[in-house]
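K.L.:
Dropping a prediction and its sequence here:
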Amino acid sequence: MNKKTSTALLLFLLAALIASYILPNLKNKIEQKHNIAQIPNLILHQSDAWNKGDLKDFMSLYQKSDSLPFMTAKGVEYGWQRLHDSYLKSYFSEIGKQGKLSFETEKIVLVESGICLVPGTWKLMRNGRSVTGRFSLIFKYFDKEGWKIIADHTW
């Protein structure tokens, strides 16, 4: 092996060693900074708010934006207020009408720094019937507000 080849090989091995150490640590630092471990507790708090009939608290996990997408089997709607009004009309027009909601989250996928995809299932007990479905939520970390749902796909 000549000197050029051995130097190139040594540099390649050094770069691979550095990358194998830095990349996992960088991911851990990103996860620690934004504390993605909070997300399941936030979702649990959201279902507790629903079950108490507190729509305002339930909606507080969503980013308050006119461009917030909410996708269902019926199509796509946009806007925090529109989502709020839809829940109010369909579930919260009478005390106790909302039923009992529970969520189960699956693996939280860190898409990039401060953005996570959270797939899971939901179950709603209402009027003596149980309805279940799936969801995928996109969370974004905001320095002042913490984690907020910026997109909701529920079916």
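P.N.:
Yep, it's here.

K.L.:
what comes up buried for the strand or helix carrying residue 85?
P.N.:
In the assignment (DSSP states H and E), residue 85 maps to helix 80-91. Across helix 80-91, burial judged by 16 or more other Cβ atoms under 10 Å covers 80, 83, 84, 87, 91. Heads up, the C-betas are built off the backbone N, CA and C, glycines and all.

K.L.:
Could you do stretch 92-110 as well?
P.N.:
92, 98, 99, 101, 103, 105, 108.

K.L.:
Could you do stretch 121-131 as well?
P.N.:
122, 124.

K.L.:
Could you list the low-pLDDT ranges of this structure?
P.N.:
When residues are selected by pLDDT under 70, those of the chain lie in 1-34.

K.L.:
domain parsing for it?
P.N.:
Domain ranges of the chain: 1-34, 36-154, per automatic domain parsing.

K.L.:
so of those domains, which one's packed in deepest?
P.N.:
Mean neighbours per residue, mean count of other Cβ atoms under 10 Å, is largest over the domains of the chain for domain 36-154, with a mean of 15.

K.L.:
could you pull out the helices for this protein?
P.N.:
With DSSP state H as the criterion, the chain has helices at 3-34, 39-51, 55-59, 80-91.

K.L.:
now the end-to-end length of stretch 48-56.
P.N.:
Length of stretch 48-56, first residue to last, Cα to Cα, to the nearest Å: 12 Å.

K.L.:
Which residues does that stretch contact?
P.N.:
Here stretch 48-56 makes contact (Cβ atoms under 8 Å, 6 or more residues apart in numbering) with 57-58, 60, 84, 87-88, 91-92, 95-96, 98, 100-101.

K.L.:
Check stretch 67-79 too.
P.N.:
62, 65-66, 80, 82-83, 86, 149-155.

K.L.:
Could you rerun that using 10 Å?
P.N.:
Residues outside stretch 67-79 that contact it (Cβ atoms under 10 Å, 6 or more residues apart in numbering): 62, 64-66, 80-87, 133, 135-136, 138, 148-155.

K.L.:
Let's see that stretch as PDB, backbone CA atoms only.
P.N.:
Extracted C-alpha coordinates of stretch 67-79, given in PDB (Å, rounded to 0.1, in the frame of the first residue of the first chain):
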ATOM      1  CA  SER A  67     -53.100  27.300   8.500                       C
ATOM      2  CA  LEU A  68     -53.300  24.400  10.900                       C
ATOM      3  CA  PRO A  69     -54.300  21.300   8.800                       C
ATOM      4  CA  PHE A  70     -56.800  18.800  10.200                       C
ATOM      5  CA  MET A  71     -57.300  15.800   8.000                       C
ATOM      6  CA  THR A  72     -60.100  13.300   8.400                       C
ATOM      7  CA  ALA A  73     -61.900  10.700   6.300                       C
ATOM      8  CA  LYS A  74     -64.200  13.600   5.200                       C
ATOM      9  CA  GLY A  75     -61.300  15.700   3.800                       C
ATOM     10  CA  VAL A  76     -58.900  18.500   4.900                       C
ATOM     11  CA  GLU A  77     -59.900  21.500   7.000                       C
ATOM     12  CA  TYR A  78     -57.600  24.400   7.900                       C
ATOM     13  CA  GLY A  79     -57.400  26.600  11.000                       C
END
